[in-house]
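**Q** A structural model of the following input is requested.
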Amino acid sequence: MSHTLTNITLKIWRQDGPDGQGRFETHQIPQISDEASFLEMLDILNERLIEEGREAIVFDHDCREGICGTCSLMIDGQAHGPQQGAATCQLHMRTFSSGDEIVIEPWRATAFPIIKDLMVSRAPLDRIVESGGFITAPTGGAPDANLIPIPKPVSDAAMDNAACIGCGACVAACPNGAASLFTSAKLTHLNLLPQGQAERYKRAEAMVEVMDDDVGELVAKVKELGIANNTLIMFTSDNGPHQEGGHDPAYFNSNGSQRGFKRDLYEGGIHVPMIAAWPGHIAAGTQTDHLSAFWDVLPTVAELVGQPVPDTIDGVSFVPTLLGKKGQEEHKYLYWEFHEKKGRVALRQGQWKAVRYNVAADPDSPLELFDLSADPGETVNVADQHPEVVTKMNAQIKSARTASELPKFNFPLVRKRGSHGGVRKK
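**A** Numbering: from 1, shown residues only. Modelled structure (predicted):
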């Protein structure tokens, strides 16, 4: 049974063009059915504005079936609004209540300049797809695509990534305005299917190159605005090359000489590059061996902007290293743990790296020890040659962690191997 909502207040962003001065306009919707879609509500408002001789609100829309990726609105600060898993066109007024005030904005991302009002240009996404969003499709006697057998796990993974409709919500919702989710979804979708294999490597190279070019445009814009000397740019990566979605780390030599991939706690799974640029502050071409981790970024940024750092974090500011100054505080050690794949922990201290796998099955499983100063590829386990180091690292691993309030993030202390070869609680 439908109901009528009353006294809805809309605060809508209006802007004449990319260089225009934007502003919020307030509009009232006296009453509307809760079965109306959000875009139908905007249609009704536009009809009223036109009848009053005023300019209609410009917004993106097309199929209104949630599949074309055209609609793009920030609604009360959320991409596509409060209904999860649905595009704006599939959002209905039953999600709201009488008397609500709803704030409507365009995608808020530098990569998406405003064309007018709520309509934005998503050309950067188009360029990424254009560079690699195609497959070889022979004509003539080519077999019907639907007749090509595909393993169900592959087709399921491809379908999951095909669910990306290219709307740009991931970019708009990301604090950094990054298109990594969009690009990875397109790569995975096309690289998994048999029809996409011919361009598998070329596609990955081309799409990543376009993203790199876009970063170059961002840097150029910073220089154009004359704020380069007051802007710190840090460029880095998620941890470890992966093997999902048809990706082949060996082809791109993604982890170089380092051992392991994503979800490993060897250096190949956790060691990533990082570039920092800040003209007038960071000397160009300098390198550092300072041992750092992502949890150091917060205290670093906090120090630069003059904000206090919480006492409850383990991060260490690396501002002295960036500026080439003395007095850089060093970590006593770095500790990692991973709760999938039977549990894994690792600890890095100076030249030494300790790694323990299968922790959930056996908390006392053998500890591997590597001397990274002589063996950065972690090819030789030297635990037997340095028992005193193993003892020290074992003690640090046990004291490094704080028990989590969530049981799934605590390794079971006592486990017993079952007859089926798996593990079960004692």
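
**Q** So Asn161: helix, strand or coil?
**A** Following DSSP: H, G, I helix; E, B strand; the rest coil, we place Asn161 in the helix state.

**Q** my guess is it contacts His189, does it?
**A** Yes - checked against C-beta atoms under 8 Å, the pair Asn161 and His189 is within contact range at 4.0 Å. C-betas here are computed from N, CA, C, even on glycine.

**Q** higher neighbour count, these two?
**A** When Asn161 and His189 are compared for neighbours, His189 comes out ahead with 21 against 18, by other C-beta atoms under 10 Å.

**Q** what's the distance between the more buried one and Gly166?
**A** Distance of His189 to Gly166, given as C-beta to C-beta, to the nearest Å: 11 Å.

**Q** can you check Cys71 too?
**A** In this structure, Cys71 and Gly166 are separated by 12 Å, where distance is defined by C-beta to C-beta.

**Q** Please enumerate the strands of the stretch 151-300 of the chain.
**A** 233-236, 274-277 (DSSP state E, counting those that start in this stretch).

**Q** Extract the CA atoms of the first one and return them as PDB.
**A** Coordinates of each C-alpha in strand 233-236 appear next as PDB, following Å, rounded to 0.1, in the frame of the first residue of the first chain:
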ATOM      1  CA  ILE A 233      52.300  14.400  -3.100                       C
ATOM      2  CA  MET A 234      52.800  10.800  -1.900                       C
ATOM      3  CA  PHE A 235      52.400   8.100  -4.500                       C
ATOM      4  CA  THR A 236      52.400   4.500  -3.300                       C
END
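
**Q** and it, which strands flank it?
**A** Strands adjacent to strand 233-236 in the sheet, as given by DSSP bridges, are strand 274-277 (antiparallel).

**Q** I would like the residues contacting the partner strand, please.
**A** Applying C-beta atoms under 8 Å, 6 or more residues apart in numbering, the set of residues contacting strand 274-277 from outside is 219, 232-237, 282, 284, 292, 322.

**Q** Could you export these as CSV, including distance to Glu209?
**A** Output for the contacts of strand 274-277, formatted as CSV (distance: C-beta to C-beta, whole Å):
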residue, distance to Glu209
Val219, 16
Leu232, 25
Ile233, 19
Met234, 21
Phe235, 15
Thr236, 18
Ser237, 16
Ile282, 26
Ala284, 23
Ser292, 28
Leu322, 28
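
**Q** From these, list just the buried residues.
**A** Judged by neighbour count, with 16 or more other C-beta atoms under 10 Å as the criterion, the buried members of the contacts of strand 274-277 are 282, 292, 322.

**Q** Now do the residue lying closest to Gly81 once chain neighbours are set aside against Ala36, distance only.
**A** Of all residues not flanking Gly81 in the chain, Ile75 sits nearest, at 3.6 Å (C-beta to C-beta, 6 or more residues apart in numbering). Distance from Ile75 to Ala36, counting by C-beta to C-beta: 15 Å.

**Q** Leu192 too?
**A** With distances taken as C-beta to C-beta, Leu192 is found 39 Å from Ala36.

**Q** now do Val210
**A** The spacing between Val210 and Ala36, counted by C-beta to C-beta, is 39 Å.

**Q** do the same with Asn191
**A** Where Ala36 is concerned, Asn191 sits at a distance of 41 Å (C-beta to C-beta).

**Q** between Leu192 and Ala36, who's got more neighbours?
**A** Per other C-beta under 10 Å, whichever of Leu192 and Ala36 has more neighbours is Leu192, with 27 against 18.

**Q** right, and the more buried one touches Ala158 too?
**A** Yes - using C-beta under 8 Å, Leu192 and Ala158 qualify as a contacting pair, with a distance of 4.3 Å.

**Q** what comes up buried for stretch 103-120?
**A** Per 16+ other C-beta under 10 Å, stretch 103-120 contains these buried residues: 104-109, 111-114, 116-120.

**Q** need the strands for the stretch 1-150 of the chain, in chain order.
**A** Chain-ordered strands for the stretch 1-150 of the chain, with DSSP E, counting those that start in this stretch as the definition, fall at 4-14, 23-33, 74-75, 78-79, 101-105, 114-116, 119-120.

**Q** List the neighbouring strands of the third one plus their orientation.
**A** The strands beside strand 74-75 in its sheet (DSSP bridges) come out as strand 78-79 (antiparallel), strand 101-105 (antiparallel).
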